[in-house]
Each structure stands twice: as C-alpha cells, then as structure tokens.
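Asks: compute the structure for the input listed below.
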Amino acid sequence: MAVKNAFYAQSGGVTAVINASACGVLQTARKYPDRIGKVYAGRNGIIGALREELIDTSLETDETIAALRYTPGGAFGSCRHKLKNFDENKREYERLIEVFRAHDIGYFFYNGGGDSQDTAYKISQLSERLGYPITAIGIPKTVDNDLPFTDNCPGFGSVAKYVATSTLEASLDIESMCESSTKVFILEVMGRHAGWIAASAGLAGKGHDQAPHIILFPEIAFDREAFLARVDHCVKEYGYCVVVASEGAQYEDGHFIADAGGRDAFGHTQLGGVAPVLANMVKQALGYKFHWAVSDYLQRAARHIASETDVRQAYAVGEAAVEFAMNGKNAVMPIIRREQNSPYRWSIGEVPLGEVANQEKKMPIHYIRDDGFGITADCREYLLPLIAGEDYPPFENGLPKVARPANKLVPKKLKATFEL
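Replies: As a prediction, this is how the structure comes out:
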C-alpha cells in the first residue's frame with residue numbers, strides 16, 4: 001500500500017484536553033512510517049486546508065508532541081467555519097481536494113463536535129465523487145457533552161470537574177459572608193441546548209440545603225416566578241442561595257433568557273449573558289445583595305485541574321482514529337462505551353459519521369430532579385466517574401508548563417489563493 005500523508009485539524013471551541021487527542025493522533029501516526037508519511041495540521045482548523053496553510057508536525061520533537069497531552073487550548077489553531085452543502089458551495093470542496101491532492105494527503109482526521117463530524121462525513125462522501133478518495137475519521141470533542149452515541153465526550157469531564165470544584169469553593173465563600181454581605185450568587189456556565197455542564201455543578205452538594213440550591217437547565221422551561229420563589233426560600237431558610245445557570249436557559253416558547261440577537265459562524269444564536277439577567281431579576285423582585293460570575297473560557301481552559309478520566313479518553317479517541325484508518329475503516333468516529341459504573345470501566349467503539357453528524361444529545365429527564373432545580377441520584381452516578389482522578393501538568397516557577405510547537409508551514413504548491 002502506498003504511503004500517504006495525513007491531515008489533522010481542530011475545530012470549534014477548544015478544550016483542556018483537545019491537544020491530548022492531537023497527541024494521540026501524532027504519536028500513533030509515527031508508529032506507521034510505512035503507511036503514513038507526514039501528518040500535516042491545519043493552521044486554524046479547516047481554514048488551514050482551504051488556504052493551503054499546512055503545519056508540518058514531523059518537524060516537532062517527540063518531547064513537544066508528548067507535551068501536548070498536558071497543554072490546553074488548540075496547539076495548531078481552531079476555527080468556527082462550517083462547510084455548506086456541496087451544491088451550495090461546490091468551490092470549497094473542490095479546493096480541499098486540490099490541496100489534499102497537491103500534498104498527497106490520503107487521511108483526514110477532524111477533531112470537533114457535531115458540525116465537524118458533518119464536515120468529515122461530507123468529505124468522505126464527496127472525495128469519491130470528485131475523483132480523489134479520502135479516508136475521513138472524526139474525533140469527538142465538545143465541552144457540552146452533546147454528541148450522540150458516545151457515552152460522554154472528551155473535553156466534558158474536565159469542564160465538569162472545574163465547574164463542580166468552583167461551585168463548591170465559591171459556595172463556602174458566600175456562606176461565610178452571607179450574614180452581612182452577598183446572599184445570592186449566580187454562576188453562568190456553558191451549554192447552549194444541553195445542560196450537562198450545569199448539571200455537573202450539582203456534584204458540589206448532596207442535598208436541598210447544600211449549594212448549588214438552584215440549577216437552570218436548557219431542557220427545563222424557565223419559570224420566573226418559581227425561580228424567584230426558590231431563591232427567596234433558600235435565603236430565608238439557609239441564609240444564602242447559589243444558582244448555577246446554563247447559558248442556554250430558555251423560556252417555554254424557546255426564547256433564550258440571554259438572547260443577544262445575533263448569530264455565530266455556525267448559525268447559532270449569540271447568547272449575551274444569562275447571569276446578569278437573572279441577577280437583575282433577583283434585585284428588582286427580592287432586593288437581595290447579589291454577585292454573579294461567568295466561567296466562560298476559564299472552564300474549558302483549566303488543564304491544571306483536568307479529570308484524569310477525561311485526559312485518558314481524549315488521548316484514546318485520537319489514537320483510535322489512526323488505528324481505524326490503518327484498519328481500512330472510513331467515515332466513522334470513535335466513541336466511548338461505558339461498561340460499568342463501579343468500578344468505572346470503559347472501552348472504545350465506533351459509529352458511522354452519517355449517524356452522528358448534526359445531532360445533539362440532551363439531558364435525560366430522569367437526570368433532572370422533579371422540581372427542575374437539581375440533579376438526581378442517577379445523574380450523580382453518571383457524572384462522578386467522569387471527573388475522577390487528577391492528571392496535573394508539570395509546573396515550572398509556580399506555573400504549568402505548556403507545549404509551544406514551532407508550527408512551521410510547508411511550502412505552498414498551488415498558485416491560486418482562496419478567499420473565505
């Protein structure tokens with residue numbers, strides 16, 4: 001079998017462990033010098049392929065590649081660029097094939113969420129149609145944990161650990177000061193349509209009297225009066241109230257509480273901040289002193305407190321992607337299969353890309369408490385193994401050490417440039 005080069009790209013919002021998947025891809029690919037020539041990484045994701053900006057990872061040392069395992073962010077740059085259907089934007093697909101053909105690329109590994117899996121699937125199908133077959137393997141990644149078929153998604157476990165830890169620590173702060181200071185604290189977390197991240201905050205407490213006292217899920221319609229009544233009850237009963245709100249919390253009619261009125265590059269509603277909106281409700285209706293915070297990028301960049309389970313699984317799906325390609329598989333995505341909860345055991349499976357693309361996995365209703373403001377025992381049992389274990393990065397002068405790849409581009413071979 002002829003030696004072919006490979007193309008790897010990162011897509012969408014990055015995570016604390018997406019580079020662990022990159023490490024899995026690159027280290028595994030180096031085990032097959034008779035099958036895979038060089039692995040090129042897209043500079044800024046799929047945009048790098050369209051612009052013919054390909055990073056030559058063969059120039060990186062083994063030490064640098066290994067260090068990706070404990071480095072957050074996207075080592076090669078990510079992007080939010082969704083390829084449209086072939087008939088709508090034929091030129092983009094033709095350009096990808098031109099670049100792949102020019103650089104003798106026969107393998108495509110795309111590391112991202114649902115939209116990214118859709119892109120990988122389209123390339124696997126259309127490359128045949130355009131006369132240059134590509135082996136396309138998707139690699140799951142999303143902090144939202146909303147990809148179907150996989151038990152959980154790499155990136156989520158570390159965010160869950162960060163949010164649960166932050167909720168626990170902040171609640172102790174609020175509790176200690178509530179007699180004369182802040183009585184209501186609101187933490188906003190990510191999660192547009194699925195409440196998995198918000199749910200993870202529930203691990204910080206073990207009863208109605210322990211924080212978080214209120215969790216707002218996208219899956220449960222927001223009821224303003226019920227919310228305010230619960231806040232008031234908690235302050236009067238416990239002295240304070242901790243609220244964790246998903247950014248995607250919405251009213252019964254589907255209108256987001258924090259709808260900012262715009263759209264992002266993937267066509268998703270741009271959300272403007274649910275925490276300050278909720279804080280204003282509390283102030284106007286109840287008059288309690290409040291404080292709010294948005295975990296924002298901190299939750300997905302916190303590699304220093306990453307879940308060991310998450311790091312191992314992120315590496316494993318990157319490794320499996322290459323192994324799948326070497327075993328002749330195409331248009332599939334590695335998934336995580338839960339075999340048992342206690343002790344926690346998992347394995348790697350697979351799913352066709354055509355089935356996973358553009359789908360979202362929301363919270364099962366039996367994971368949400370009957371009053372809609374907390375998690376159930378079943379949800380706790382599901383979440384706890386995913387935040388288990390510590391995988392601290394090495395530290396230097398008190399700060400985490402990170403990989404700094406050279407990211408040298410290969411010379412361009414096409415004369416034509418490409419404008420997005």
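Asks: what's the longest helix in this structure?
Replies: Ranked by number of residues, the top helix in the chain under DSSP state H is helix 156-177.
Asks: which secondary structure elements does it sit against?
Replies: Contact partners of helix 156-177 among helices and strands, from 3 or more Cβ pairs under 8 Å, 6 or more residues apart in numbering; DSSP states H and E: strand 184-189, helix 196-200, strand 241-246, helix 296-301, helix 308-326. The C-beta positions use only the backbone N, C-alpha and C, and glycine is treated the same way.
Asks: who wins for proximity to residue 21 among the ones you listed?
Replies: The closest approach between residue 21 and any of those, judged by Cβ to Cβ, belongs to helix 308-326 at 3.7 Å.
Asks: what is the mean pLDDT for the next helix or strand after that closest one?
Replies: With elements assigned by DSSP states H and E, the helix or strand that comes after helix 308-326 is strand 332-340. Along strand 332-340, the predicted confidence averages to a pLDDT of 97.
Asks: give me the residues contacting strand 332-340.
Replies: Among residues not part of strand 332-340, those counted as contacts by Cβ atoms under 8 Å, 6 or more residues apart in numbering are 117, 120, 137-140, 149-154, 313, 316-317, 320-321, 324, 344-353, 356.
Asks: mind listing which of those are in strands?
Replies: Where the contacts of strand 332-340 overlap with strands, as defined by DSSP state E, the overlap consists of 137-140, 345-352.
Asks: show me how the record splits the protein into domains.
Replies: When the chain is parsed with automatic domain parsing, its domains come out as 4-141+305-358+389-400, 156-303+372-387.
Asks: now the most centrally placed residue in the chain: phi and psi?
Replies: Closest to where the C-alpha atoms of the chain average out (Cα atoms, centre = their mean) is residue 142, at 2.1 Å. Backbone torsions of residue 142, given as degrees, to the nearest 10, read phi -170, psi 130.
Asks: repeat for residue 105
Replies: According to degrees, to the nearest 10, residue 105 has phi -90, psi 120.
Asks: about what we covered before: and the helices and strands packed on helix 156-177: which comes nearest residue 94?
Replies: Taking Cβ to Cβ, helix 308-326 is the member of the helices and strands packed on helix 156-177 nearest to residue 94, at 23.3 Å.
Asks: and the angle for the closest one with helix 156-177?
Replies: For helix 308-326 against helix 156-177, the angle between stretch directions is 170 degrees (axes from the mean of the first three to the mean of the last three Cα atoms, to 10 degrees).
Asks: tell me the angle of helix 308-326 relative to strand 345-352?
Replies: Angular relation of helix 308-326 and strand 345-352 on a 0 to 180 degree scale: 40 degrees, by the same axes, to 10 degrees.
Asks: pLDDT on helix 308-326, on average?
Replies: Computed over helix 308-326, the mean pLDDT rounds to 98.
Asks: how far is it from where the chain is centred?
Replies: In this view, helix 308-326 has its centroid 15 Å away from the chain centroid, taken as Cα atoms, centre = their mean, to the nearest Å.
Asks: so which of the helices and strands packed on helix 156-177 comes closest to residue 419?
Replies: The closest approach between residue 419 and any of those, judged by Cβ to Cβ, belongs to helix 296-301 at 29.1 Å.
Asks: now do the helices in this structure.
Replies: Using DSSP H, the helices assigned to the chain run over residues 18-29, 46-50, 62-67, 90-102, 114-129, 156-177, 196-200, 224-238, 274-286, 296-301, 308-326, 353-356, 377-383.
Asks: of all those helices, which one is nearest residue 38?
Replies: Within the helices of the chain, the stretch nearest residue 38 is helix 18-29; the backing value is 8.9 Å (Cβ to Cβ).
Asks: could you pull up the mean pLDDT of the closest one?
Replies: 98.
Asks: for that helix, name the packing helices and strands.
Replies: Going by 3+ Cβ pairs under 8 Å, 6+ apart, helix 18-29 lies up against strand 4-10, strand 36-42, helix 62-67, strand 105-112, helix 308-326.
Asks: just the CA coordinates of the first one, formatted as PDB?
Replies: In other words, strand 4-10. Taking only C-alpha atoms (Å, rounded to 0.1, in the frame of the first residue of the first chain), the coordinates of strand 4-10 have been written out as PDB:
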ATOM      1  CA  LYS A   4       0.100   8.800   2.100                       C
ATOM      2  CA  ASN A   5       0.300  11.900   4.200                       C
ATOM      3  CA  ALA A   6      -2.400  12.800   6.700                       C
ATOM      4  CA  PHE A   7      -4.200  16.000   7.600                       C
ATOM      5  CA  TYR A   8      -5.400  16.700  11.200                       C
ATOM      6  CA  ALA A   9      -7.400  19.700  12.200                       C
ATOM      7  CA  GLN A  10      -9.000  21.100  15.300                       C
END
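Asks: strand partners of it, parallel vs antiparallel please.
Replies: Strands adjacent to strand 4-10 in the sheet, as given by DSSP bridges, are strand 36-42 (parallel), strand 105-112 (parallel).
Asks: could you give the angle of it to helix 114-129?
Replies: Put simply, strand 4-10 runs at 150 degrees to helix 114-129, going by the same axes, to 10 degrees.
Asks: what's strand 4-10 in contact with?
Replies: Counting by Cβ under 8 Å, 6+ apart, the neighbours of strand 4-10 from elsewhere in the structure are 18, 22, 25-26, 29, 35-42, 45-46, 48-49, 54, 57, 74-78, 100, 103-112, 141, 322, 325.
Asks: next, the contact list for the nearest residue to residue 179 once chain neighbours are set aside, please.
Replies: By the measure of Cβ to Cβ, 6 or more residues apart in numbering, the closest residue to residue 179 outside its immediate chain neighbours is residue 239, 6.7 Å from it. The neighbourhood of residue 239, defined by Cβ under 8 Å, 6+ apart, consists of 175, 178-179, 183.
Asks: look at residue 239 and report its pLDDT.
Replies: If you check residue 239, the pLDDT there is 98.
Asks: identify the residues contacting the closest residue in space to residue 354 that isn't next to it in sequence.
Replies: Leaving out its chain neighbours, the residue that sits closest to residue 354 by Cβ to Cβ, 6+ apart is residue 121, at 5.5 Å. Applying Cβ under 8 Å, 6+ apart to residue 121 gives the contacts 136, 138, 331, 353-354, 357.
Asks: likewise residue 142?
Replies: For residue 142, the residues meeting the contact criterion (Cβ under 8 Å, 6+ apart) are 12-13, 15, 112-114, 153, 155-156.
Asks: the closest residue in space to it that isn't next to it in sequence and residue 285, how far apart?
Replies: Nearest residue to residue 142, sequence neighbours excluded (Cβ to Cβ, 6+ apart): residue 113, at 3.9 Å. Taking Cβ to Cβ, to the nearest Å as the criterion, residue 113 is separated from residue 285 by 37 Å.
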